[in-house]
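K.L.:
Generate a structure from the sequence data that follows.
(2 chains)
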Amino acid sequence: MRTEEKLYTLRYKKDDKSHLAIKDENTCLECTAKYGEPQPCVSICPANVFSWQNNRIVIGYENCVECGASRIACPYENIEWNYPRFGKGIALRYA
Amino acid sequence: MLDYDIVIVGAGPAGSAAALKAASEGKRVLVIERGPEPGSKNVSGAMIRKDYVTSIFGEDMPFERNVETIKVSLYNGNKPVNIEFHPDGLVTTGRLKFDKWLSSVSEKAGAMVIPKTTALKLNWENGIAKSLITDRGEVSAKSFVLAEGVNSLVSMESGIKGDWTPENSVQAVKMVYSIKKGDLNTLFNLPDDNTGMSWRMITSDPLVAGFMYTYKDSLAVGIGSPIKELVDRKIRPEKLLDDFLEMTGIAEKVKGYSLREYSAKIIPEGGFPDINVARGNVYLCGDAIGLVDPLTFDGITPAIASGTIAGEAAVHNYDKEIYRYNLMKDPEISKIAKERKLETDFMTGNKAGEYINMVSSMLEGWASGDLMGIRNTMVSNYRNLIPDLMTFVMRMR
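P.N.:
Sure, this is the predicted structure:
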């Protein structure tokens, strides 16, 4: 089963503003040179939030399951990681 | 600005226990919850000790099934060694129902719970927190409890504690499958709709701890693996879960049933007593200070224990050393503190894999009457693994 199909099972309310951000894109180039692809954030995220496109990390924050692994896995502390605002983001029912 | 005696961040087990304690002592208590309702952001196994929860929150706890059998499988390669035992007083529970109930008990005691509100930061003056800033405004209080879970953003922003590292955190992913009660009973030989089982599996390479729990009409399965190992080896956690389901035969059992929900969570494998747990009038508890039992994976019991102690500390505005002492005095919490050494061993190198191989080969030798095999295993490990294990066991009090 593809990740996207797993994510369809989640109830989700989208915040207009991303709760995730890359602090400095140059750091991602340095990380890629050192760790290769997939980068730690790309590989650890269980929801495919991070992808490497045209030499930069692209964030699909609306897929986020709010686990926090990317923030911990980033060797450069380069991910600004917040919670979604106003009760938005995922709403689990059976976990 | 709103003003309360005590403001609590998070309406999970720790936050609701703190709220219950403080409200019962007559304080005006506000609980801020970032989810649309308590439990909606929470992920766990979740197997809990019914008597313990009831002793604090009272009767009528919602639960799924009584766990009458726990099976443990140690995988050394693809052939597991299995141990089965029959515990007392364990039940499975879904977090939405469970956490909502905990929160409702704190409300009945007089606490005010506001969901859909994210705590952002504390406002400090001379080492004392004056107010909490949320996405919906600011609230002042005499003391604060941060029961904000494993991603303890307010605690970190306040400089009370640092973040987890890939070395002391585990990434867990979980799936819940819808399976009709009758089918579930047949699949796992359960005598009736109230009886359940749990299955824990440990594999040595890569180091993976897996779990399976029967809910009323669904099956929860998941795995956890150290972030360091996953990142170093570029292993995707969900791929690990898929492989794991194949290896354990669960994939075959759930074939044809639909996936009800997918979720993920970080499990802390470090923290108290090695970190700060308070600053001024602010007290941290639960997952925020790493209180998950590394051997049983139970985070709910120590969350409730530490939440109750944090609530009491907030009521009396205890000094942080007194709060720390009170935490350490609690049997549920001191147990975790004492297991940290073994935990550190498990998280570094391939010690865990070696333990698992040693234990499984000894059990296999025992079961097949191969006493020489047991002797050989012990002899080959007498210099390193066995002394470490014995030292650890002798130091336990």
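K.L.:
so does the host helix or strand of B:K335 get close to chain A?
P.N.:
In this assignment (DSSP states H and E), B:K335 forms part of helix B:331-347. No - counting by Cβ under 8 Å from any Cβ of the partner chain, chain A is not contacted by helix B:331-347; separation bottoms out at 13.5 Å. All C-beta atoms are positioned from the backbone trio N, CA, C, and that covers glycine.
K.L.:
So which other helices or strands are in contact with that helix?
P.N.:
helix B:300-316, helix B:320-329, helix B:351-367, helix B:385-395 (3 or more Cβ pairs under 8 Å, 6 or more residues apart in numbering or on different chains; DSSP states H and E).
K.L.:
Comparing these, which stretch has the densest surroundings?
P.N.:
helix B:300-316 (a mean of 27; mean count of other Cβ atoms under 10 Å in any protein chain shown).
K.L.:
Minimum distance to B:A288: which of the helices and strands packed on helix B:331-347 has it?
P.N.:
helix B:300-316 (9.1 Å; Cβ to Cβ).
K.L.:
starting at the chain centroid, how far to the closest one?
P.N.:
16 Å (Cα atoms, centre = their mean, to the nearest Å).
K.L.:
likewise stretch B:130-142?
P.N.:
On Cα atoms, centre = their mean, the centre of stretch B:130-142 falls 28 Å from the chain's centre.
K.L.:
now stretch B:290-305
P.N.:
5 Å.
K.L.:
Would you mind listing where the chain has pLDDT under the threshold?
P.N.:
Went with chain A since none was named. Judged against pLDDT under 70, chain A has no low-scoring part.
K.L.:
hm, I was asking about chain B
P.N.:
Along chain B, segments meeting pLDDT under 70 span B:346, B:348-350, B:392-397.
K.L.:
And the residue of it closest to chain A?
P.N.:
Chain A sits closest to B:K116 of chain B, with a gap of 2.8 Å, by Cβ to the nearest Cβ.
K.L.:
Run a quick neighbour tally on B:L20.
P.N.:
B:L20 has 27 neighbouring residues, counting by other Cβ atoms under 10 Å in any protein chain shown.
K.L.:
can you tell which of the helices and strands packed on helix B:331-347 is closest to B:I250?
P.N.:
Nearest to B:I250, of all the helices and strands packed on helix B:331-347, is helix B:351-367, at 19.6 Å by Cβ to Cβ.
K.L.:
if I look at the residue nearest to B:K21 when sequence neighbours are not counted, how far off is B:W124?
P.N.:
Spatially, and ignoring its direct neighbours in sequence, B:K21 is nearest to B:G311 (3.1 Å; Cβ to Cβ, 6 or more residues apart in numbering or on different chains). The spacing between B:G311 and B:W124, counted by Cβ to Cβ, to the nearest Å, is 21 Å.
K.L.:
swap in A:P46?
P.N.:
35 Å.
K.L.:
Between these two, which is the more surrounded one?
P.N.:
Neighbour totals were compared for A:P46 and B:W124, and A:P46 leads with 27 against 15 (other Cβ under 10 Å).
K.L.:
For the more buried one, give me its contacts.
P.N.:
A:T3, A:V65, A:C67, A:A69, B:Q171, B:V173, B:R236, B:P237, B:E238, B:A264 (Cβ atoms under 8 Å, 6 or more residues apart in numbering or on different chains).
K.L.:
Now secondary structure too, for these, in CSV please.
P.N.:
Output for these, formatted as CSV (DSSP: H, G, I helix; E, B strand; the rest coil):
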residue, secondary structure
A:T3, helix
A:V65, coil
A:C67, coil
A:A69, helix
B:Q171, strand
B:V173, strand
B:R236, coil
B:P237, helix
B:E238, helix
B:A264, strand
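K.L.:
Highest neighbour count among those residues?
P.N.:
Neighbour-wise, the contacts of A:P46 (other Cβ under 10 Å) top out at A:A69, 32 neighbours.
K.L.:
That one reaches B:I266, doesn't it?
P.N.:
Yes - at 5.9 Å, A:A69 counts as touching B:I266 under the criterion of Cβ atoms under 8 Å.
K.L.:
how far away is B:R260 from A:L7?
P.N.:
B:R260 sits 13 Å away from A:L7 when distances are taken as Cβ to Cβ.
K.L.:
now swap in B:F57 and tell me
P.N.:
In terms of Cβ to Cβ, B:F57 sits 33 Å off from A:L7.
K.L.:
Just the strands from the stretch 51-200 of chain B, written as ranges.
P.N.:
Using DSSP state E, counting those that start in this stretch, the strands of the stretch 51-200 of chain B run over B:66-76, B:79-85, B:90-92, B:112-114, B:119-125, B:128-134, B:137-146, B:169-178, B:195-203.
K.L.:
Specify the local secondary structure of the one residue in chain A that gets nearest to chain B.
P.N.:
Residue of chain A nearest chain B, by Cβ to the nearest Cβ: A:G87 (2.8 Å). Of the three states, A:G87 takes coil according to three-state DSSP.
K.L.:
need the contact list for A:E25.
P.N.:
A:E25 makes contacts with A:R56, A:I57, as judged by Cβ under 8 Å, 6+ apart.
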